[in-house]
Structures are given as structure tokens and as C-alpha cells.
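Chemist: The sequence and its predicted three-dimensional model are supplied below.
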Amino acid sequence: MALTQTPSQTVGPYFAYGLTSEQYGYDFKSLFGPVLAEPQATGEHIRLSGRVFDGDAVPIPDAMLEIRQADAQGRFVASRAEALASGFRGFGRCGTGTQASRHYWFDTIKPGAAAAGEAPCIDVIVTMRGMLLHAFTRVYFDDEGEANAHDPVLAALPAARRATLIARREAQPGGVAYRFDVHMQGPKETVFFDL
Amino acid sequence: MPEATPLAPRDWASQPPYLYPGYKSTAKRGPTRPLVPLKSALAQRNAPVYGHEDIGPLDHDLTRNAARNGAPLGERIVVTGRVVDEDGRPAAHTLVEIWQANAAGRYVHKADQHNAPLDPNFLGAGRCLTDKDGRYRFLSIKPGAYPWQNHPNGWRPNHIHFSLFGQHFASRLVTQMYFSGDPLLPLDPVYLSAPEGARERLLSRLNLDAVGEAGFALGFEFDIVLRGPHQTPTES
């Protein structure tokens, strides 16, 4: 390899008007936001939400999450035209600074398994002020016990740490919600991946 | 699902650590446990989908994309460069998003309480797609330095934030571009968090003739190297 990778630097505290402008009320179009699925998108519509906690178990108000996932059939969106036609764009971005409770949220559909033998999951990028490079994690679903039990990524983790990747299903008046908190540190520190 | 050749790993010798004492906020926010290797299809998954239709005609021109009644104050700069992978292959038609302080060192962000003026004609956010050769280009205003609370009398050097995906989910990069010769650089823990020998790749180069516009704007070049597919198969 002739060239070497550009180092990462922190996203800092002021990313909102550049990366999540519409969510934060800035007058600049957002390419990505918390809504991945329009009403007509096929599949079970869900809201994925949660908080990001620091080493003192305090909710972090200036983190940003990005998620990438398959559609209900386990397929990844291949083009902008396909996303427009289906109403499902497969990628979302949300900051934790616009709700007083410091929740992030995504309105999406529950993904299908991307390959035989794998459990349905959502890939996540976490970044914030105070992180010099982003971290990757994954969301699995607590009502997919059978699939989770056979998923090779979950199976490779110590049992005590698997729970950090499992979102909890909650029936709410507005529809189906899954709760997924991220713990940067501490006894419940989320599993972060090197990929 | 069709898969490309595996993506080169993150080059940890080039990356800052999660926990870096000089940057105090990392102490409670950086993961403390070793990352878990994930040798699955995830690394090959593609970046989010978007297209030229998503980019507005002034999105790349920060001197005009938020102008209300005039031009923003400050030194006009052209910032351009190529986005390539480690083998020099261009990241064509890939999204580059930037944000920055204004010339006075103030961000248009409600959390920024620095006592410096906002500029009614400057937002400080922009985006563009690279061309087929991986080249991007912005017109902007040189950002000012600003104080921060990390340490007594701390000041961030002039910088522009960059956000890129490249062709893959795993080639995501969020970084900052600096200006060669800035006297604040040797004092800045964020810059210094990148290992010596790697941090210099965060410096833009002055290029008046090929990049700047004579009599109008200074020119700075900043190339970005992302992870790319391995040329040769890796051992399994």
C-alpha cells in the first residue's frame, strides 16, 4: 500500500448544524435524519430509541448515532432510486441533543436477517465530543431469541456481554418500540467492534 | 449477497486512542474494553445511498449558501483535494460534508457561548460529492481559532471538520483539517492525539497558483486517504 490512512479526529460539540441540521432546527437541508422508513415501506414499522451514557452513567447530550440496516426481507438498499421507490432508505442519523431526556430515535422497519444463520440486526456508528474516533456496535432484538442463539457474532461474545447488544421490545400506544441504550464505559459497557 | 474483496483493516498506527489524557472528555466517554473483531460481511457493506440530486447548487460554497444581505467576513479560501484509498484509487462520487467556525472563531451552534460575533451571512456548513477522480472542492472563509474549556487558556487551532463515508460503511471517517504552520498546533491535544508521523496528514498545504484564485481566494489542498479493498487476499 502506497498511502496511509488519514487519522480520525473528534466530531466535536458543534456537528449539529452540519450533520443533523434539520433535526436541530438549522436552516440547512439534511441528507440523513432519524426517519429511515416512510409509511408505505414494507415491513413492521418500529421506533428504535435510547440514550448514550458516559462513565458516570450520565446521559450524553452531544452524541450522534448513525444506523445502517437491511429491509424487512434482509436486503440492503442498493441505490437512491430504489430507496425512493420503496420508501425505505436503509440509513439514518440522529443526535442526542434535541430531547430533554437525551434520547436518540429512529423511525424504521424491523430488518430481516441479512444471511441464513444470522439474526436480524442493525449496524450502528457512535461518535461524540470526547471520542477521537467513532465506534461500531450492533443492535439485536430480544424477541428473536432463537435466531440470536445461533448468530455467529453473538455466539462469539462472552455470555455476560451479549446483553449489551439486545434491544428490548416495548408495546407503546403509537406502535412497536425497541429500547437500546449505549454504555460507553462501566459494568454495562456496550460491546464495540473492530471492523 | 455479492461481496467485494475484504476491506483493509483500520490502521491503528495512524489513529488516535479512545482514551487520551490530554483531551479530558475522553476519560468518561471512550470505550475501555478491547474492541471485538468482527470478520463478517459488515465490513464490506456499502455506504448509504445518495446522489447528485441531493446536493444543492450552493452546498459547496460556504461564502454564498447562507448569505442574507452580503458576503461573509474573513479570508476567502478554496479547499480542495482528492479522496483516495490506500492504493491511490479514487473514491468517486462520494459524499464530503464539512462544518467550521466563522472567521471570528464562532460556531452557529446554540451550545457555543464564545464571546465572538456571529456572521449573519455565514452558516459554516457545506457538502459536495467528489468527481470521478475523487476530487472535492469547497469555497469558504478561513475559520478562526476559539477557546475551549479542556485546559487553562486552551485554544483550538484553525480547523475545518470533515465527514466522509467512502464506498463502504466501514470506511467512515470523521476528521479535522488544519493549516500548516498554525502556532496553536503543537499545543492542541486533539491534533496531538493522532500519532506522530500520522498527524501531519491532517495539515492542508497552501497552493496559491494551482488551487487558489488569483486576487480572490487563498488555496489550500487537503487529500484524504480512506480504507479500501485489499489488493491481495488476506489470510483466513
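Modeler: Nice, I can see it.

Chemist: show me where chain A has helices.
Modeler: A:16-19, A:80-86, A:145-150, A:152-155, A:159-162 (DSSP state H).

Chemist: Tell me which of those is the most buried.
Modeler: Mean neighbour count, computed with mean count of other C-beta atoms under 10 Å in any protein chain shown, is highest for helix A:16-19 among the helices of chain A, reaching a mean of 24. The C-beta positions use only the backbone N, C-alpha and C, and glycine is treated the same way.

Chemist: Low-confidence stretches in chain B?
Modeler: Applying pLDDT under 70 to chain B picks out residues B:1-5, B:40-44, B:231-236.

Chemist: Next, please give the residue ranges for the helices of it.
Modeler: B:26-29, B:189-193.

Chemist: which residues are in contact with the longest one?
Modeler: It refers to helix B:189-193. By C-beta atoms under 8 Å, 6 or more residues apart in numbering or on different chains, the residues outside helix B:189-193 that reach it are A:9-10, A:132, B:16-17, B:20, B:22-23, B:150-151, B:156-157, B:176, B:178, B:185-186, B:199, B:202.

Chemist: Do any residues in stretch A:75-92 lie close to chain B?
Modeler: Yes: counting by C-beta under 8 Å from any C-beta of the partner chain, chain B is contacted by stretch A:75-92 at A:76-80, A:82-83, A:89-91.

Chemist: how about the helices of chain A in JSON lines, adding mean pLDDT and distance to A:Trp105?
Modeler: Compiled in JSON lines, the helices of chain A are given as follows (pLDDT from 0 to 100; distance: least, C-beta to C-beta, whole Å):
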{"stretch": "helix A:16-19", "mean pLDDT": "96", "distance to A:Trp105": "16"}
{"stretch": "helix A:80-86", "mean pLDDT": "95", "distance to A:Trp105": "20"}
{"stretch": "helix A:145-150", "mean pLDDT": "96", "distance to A:Trp105": "23"}
{"stretch": "helix A:152-155", "mean pLDDT": "94", "distance to A:Trp105": "24"}
{"stretch": "helix A:159-162", "mean pLDDT": "93", "distance to A:Trp105": "24"}
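
Chemist: Can you convert these into a markdown table and add a column each for distance to B:Ser163?
Modeler: Below are the helices of chain A laid out as a markdown table (distance: least, C-beta to C-beta, whole Å):
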| stretch | distance to B:Ser163 |
| --- | --- |
| helix A:16-19 | 6 |
| helix A:80-86 | 19 |
| helix A:145-150 | 32 |
| helix A:152-155 | 27 |
| helix A:159-162 | 30 |
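
Chemist: what's the closest of the ones you listed to A:Gly43?
Modeler: Nearest to A:Gly43, of all the helices of chain A, is helix A:80-86, at 9.8 Å by C-beta to C-beta.

Chemist: What lies in contact with the closest one?
Modeler: Contacts of helix A:80-86 (C-beta under 8 Å, 6+ apart): A:41-42, A:71, A:77, A:89-90, B:49-51, B:53-54.

Chemist: which of those residues are buried?
Modeler: If you count burial by 16 or more other C-beta atoms under 10 Å in any protein chain shown, the buried members of those come out as A:41, A:71, A:77, A:89-90, B:49-50, B:54.

Chemist: Taking those residues, tell me the two that lie furthest apart.
Modeler: Most distant of the buried ones among the contacts of helix A:80-86, by C-beta to C-beta, are A:Asp71 and B:Asp54, 20.1 Å apart.

Chemist: Quick check: chain neighbours aside, which residue is closest to B:Pro48?
Modeler: Once flanking residues are discounted, B:Pro48 sits nearest to A:Phe91: 3.4 Å by C-beta to C-beta, 6 or more residues apart in numbering or on different chains.

Chemist: pretty sure the one you found is touching A:Glu66, no?
Modeler: Yes: counting by C-beta atoms under 8 Å, A:Phe91 does reach A:Glu66; the two are 7.1 Å apart.

Chemist: which residues do these two both contact?
Modeler: Residues touching both A:Phe91 and A:Glu66 (C-beta under 8 Å, 6+ apart) are A:Phe32.

Chemist: Bridged to the spatially most central residue of chain B, which residues?
Modeler: Chain B has B:Phe162 as the residue nearest its centroid, 2.1 Å off, counting by C-alpha atoms, centre = their mean. On the basis of DSSP bridges, B:Phe162 is bridged to B:Ile98, B:Thr175.
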